[in-house]
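Participant: predicted model and sequence below, questions to follow.
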Amino acid sequence: EAQVTQNPRYLITVTGKKLTVTCSQNMNHEYMSWYRQDPGLGLRQIYYSMNVEVTDKGDVPEGYKVSRKEKRNFPLILESPSPNQTSLYFCASSLDQRAYNEQFFGPGTRLTVL
Amino acid sequence: DAKTTQPTSMDCAEGRAANLPCNHSTISGNEYVYWYRQIHSQGPQYIIHGLKNNETNEMASLIITEDRKSSTLILPHATLRDTAVYYCIVRADTGANSKLTFGKGITLSVRP
């Protein structure tokens, strides 16, 4: 089944403890992206990647890192999480970055930083 | 990307067609109209998209006016499982990072 998977689905952590949220897709998609969703602010893009080893900042990249060493994986790294990064995170992928290719979203990771 | 305007909420009866409107009066020629929905806090689910022509798939139909300033998403036979927030998004084909910009969406409630 074609899908985007994220792990973990739920995570409670403490300020400053490094964490990684994994994202994987099995559709051989070139484009992958991370979004965060907060009440009243909608979904905002954090980082995106147009292919292996090609990543760039989205609208809210501060406090986050990403890597794209393989086509299928696009992990989101929080080196020193803070409470303002408590949010619902979604990974998405599409065939490539062009607008006529729809993006498919993962199920989400709910992160709480205490 | 052009901005979209949607009503805050609407409801419809189960089994009836749900017609969700969207205004995008400043849309430009290279911008696609996309519809996604989000059920509770699940990942947004792609529904349909189009550029100029009307489109239909197994989930819905998308009707775009001739001047492209507005569109309507039609769920032909709404079920209780269609209760969700529906997002109308205009997305430019810039060749670069054509991200999705989600607004507040419209909350559709399907009643028994």
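Facilitator: Nice, I can see it.
Participant: from A:Y31, how far off is the most centrally placed residue in chain B?
Facilitator: Centroid check for chain B by C-alpha atoms, centre = their mean gives B:W35 as the closest residue, at 3.2 Å. From B:W35 across to A:Y31, the span is 20 Å (C-beta to C-beta, to the nearest Å). In short, each C-beta sits where N, CA and C put it, glycine included.
Participant: what does B:T5 give?
Facilitator: 28 Å.
Participant: same deal with B:S9?
Facilitator: Taking C-beta to C-beta, one finds B:S9 at 32 Å from A:Y31.
Participant: what about those two, which has more around it?
Facilitator: Neighbours per residue (other C-beta atoms under 10 Å in any protein chain shown) separate B:S9 from A:Y31, with A:Y31 holding more: 23 against 11.
Participant: tell me who's in contact with the more buried one.
Facilitator: Neighbouring residues of A:Y31 by C-beta atoms under 8 Å, 6 or more residues apart in numbering or on different chains: A:Y48, A:S49, A:M50, A:N51, A:S93, A:S94, A:L95, A:D96, A:Q97, A:N101, A:Q103.
Participant: what pLDDT does the residue nearest to B:W35 when sequence neighbours are not counted get?
Facilitator: Once flanking residues are discounted, B:W35 sits nearest to B:I47: 4.3 Å by C-beta to C-beta, 6 or more residues apart in numbering or on different chains. As predicted, B:I47 sits at a pLDDT of 97.
Participant: what does the most centrally placed residue in chain A show for phi and psi?
Facilitator: When C-alpha atoms, centre = their mean is applied to chain A, the residue found nearest the centroid is A:W34 (2.9 Å). Backbone torsions for A:W34, taken as degrees, to the nearest 10, come to phi -120, psi 140.
Participant: gap between it and chain B?
Facilitator: 11 Å (C-beta to the nearest C-beta, to the nearest Å).
Participant: how about that residue: what's its closest non-neighbour residue?
Facilitator: Nearest to A:W34 is A:I46, by C-beta to C-beta, 6+ apart, at 4.3 Å.
Participant: tell me who's in contact with that neighbour.
Facilitator: Neighbour list for A:I46: A:S33, A:W34, A:Y35, A:R36, A:G58, A:D59, A:V60, A:P61, A:Y64, A:V66, A:L76, A:Y89 [criterion: C-beta under 8 Å, 6+ apart].
Participant: now do 6 Å
Facilitator: A:W34, A:R36, A:G58, A:V60, A:P61, A:Y64 (C-beta atoms under 6 Å, 6 or more residues apart in numbering or on different chains).
Participant: of the residues you listed - the most surrounded one?
Facilitator: Among the contacts of A:I46, A:W34 has the most neighbours (other C-beta under 10 Å), with 27 neighbours.
Participant: show me the beta-bridge partners of that residue.
Facilitator: With DSSP bridges as the criterion, A:W34 is bridged to A:Y47, A:C91.
Participant: test my guess that it contacts A:P75.
Facilitator: No - counting by C-beta atoms under 6 Å, A:W34 does not reach A:P75; the two are 9.3 Å apart.
Participant: counting by contacts, list what the helix or strand containing B:V90 packs against.
Facilitator: For B:V90, the host element (DSSP states H and E) is strand B:84-92. Strand B:84-92 sits against strand B:31-38, strand B:106-111, with contacts defined as 3 or more C-beta pairs under 6 Å, 6 or more residues apart in numbering or on different chains; DSSP states H and E.
Participant: among the ones you listed, show me which one is buried the most.
Facilitator: strand B:31-38 (a mean of 23; mean count of other C-beta atoms under 10 Å in any protein chain shown).
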